[in-house]
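S.K.: Okay, structure incoming, though there's no sequence with it:
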């Protein structure tokens, strides 16, 4: 079974802190994604990566950055956390190009106070 | 550009009744379409996917969906609801080529099943 593991299920951080969300997949997938989930808005793509050290902005990249130094690991960074970044964050991975499903981690519920 | 609209943010059915969750999409390229389910405090799990083979797609847990190009729809159905089907359901569209597997999701539909 494909496994996508997010390092934390719940996080509470203070405004202005630098926050790292880590994601690891064990199936040698090329593509990795970070989505943000908010009630009534569905999932919105923050950033994605299609290869090591390659990254592209998604629909809502402002306030976020990412890092992919190894194929299996994709990190989401909040440089200076703000209360409007309180949300559920979901990491996903998939093979190759379109048509293949994405496999999701359990999610990290981040609260910024 | 691609987009997905799920009609109805909340759907409530009785146990044993038909489940119908609606999804319409917009895509400038032949779409790949997916339905995912999310149980409370969990990630998303794939129910089924359409990738240009048969237009009627069968998935897990007795769900199926029909791709109708003329209506740009991909509605999810299950003949008889079970209490365990209560969850949030997401429709998603992806493109081929250089899309790198990116998916665009709808807003989600919360399904409630009453005894």
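M.R.: Here it is on my side, so go on. This is a predicted model, so every value here is computed, not measured.
S.K.: tell me the contacts of residue A:74?
M.R.: By CB atoms under 8 Å, 6 or more residues apart in numbering or on different chains, residue A:74 lies in contact with A:23, A:25, A:32, A:33, A:34, A:49, A:66, A:67, A:68, A:91, A:93. In this view, the C-beta of every residue, glycine as well, is placed from N, C-alpha and C.
S.K.: can you redo these as a markdown table with neighbour count, secondary structure and distance to residue A:108?
M.R.: Shown next, in a markdown table, are those (neighbours: other CB atoms under 10 Å in any protein chain shown; DSSP: H, G, I helix; E, B strand; the rest coil; distance: CB to CB, whole Å):
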| residue | neighbour count | secondary structure | distance to residue A:108 |
| --- | --- | --- | --- |
| A:23 | 26 | strand | 9 |
| A:25 | 22 | strand | 15 |
| A:32 | 29 | strand | 15 |
| A:33 | 27 | strand | 14 |
| A:34 | 26 | strand | 10 |
| A:49 | 21 | strand | 18 |
| A:66 | 22 | strand | 14 |
| A:67 | 16 | strand | 16 |
| A:68 | 20 | strand | 17 |
| A:91 | 28 | strand | 8 |
| A:93 | 28 | strand | 15 |
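S.K.: So which of those residues is the closest to residue B:75?
M.R.: Lowest distance from residue B:75 to these (CB to CB) belongs to residue A:33, with 25.6 Å.
S.K.: neighbours around the nearest residue to residue A:18 once chain neighbours are set aside, how many?
M.R.: Of all residues not flanking residue A:18 in the chain, residue A:79 sits nearest, at 6.0 Å (CB to CB, 6 or more residues apart in numbering or on different chains). Residue A:79 is flanked by 11 other residues according to other CB atoms under 10 Å in any protein chain shown.
S.K.: again, but for residue B:27
M.R.: Here the number of neighbours of residue B:27 (other CB under 10 Å) works out to 17.
S.K.: And the one 3 residues further on, by the same measure?
M.R.: Neighbour count for residue B:30, taken as other CB under 10 Å: 13.
S.K.: hang on, it packs against residue B:50?
M.R.: No. Look at residue B:30 against residue B:50 with CB atoms under 8 Å: they stay out of range, at 10.3 Å.
S.K.: ok, the residue nearest to residue A:25 when sequence neighbours are not counted - contacts?
M.R.: Excluding the flanking residues, the one nearest residue A:25 by CB to CB, 6+ apart is residue A:93, at 4.0 Å. Residues near residue A:93 by CB under 8 Å, 6+ apart: A:2, A:4, A:25, A:27, A:29, A:31, A:32, A:33, A:74, A:102, A:103.
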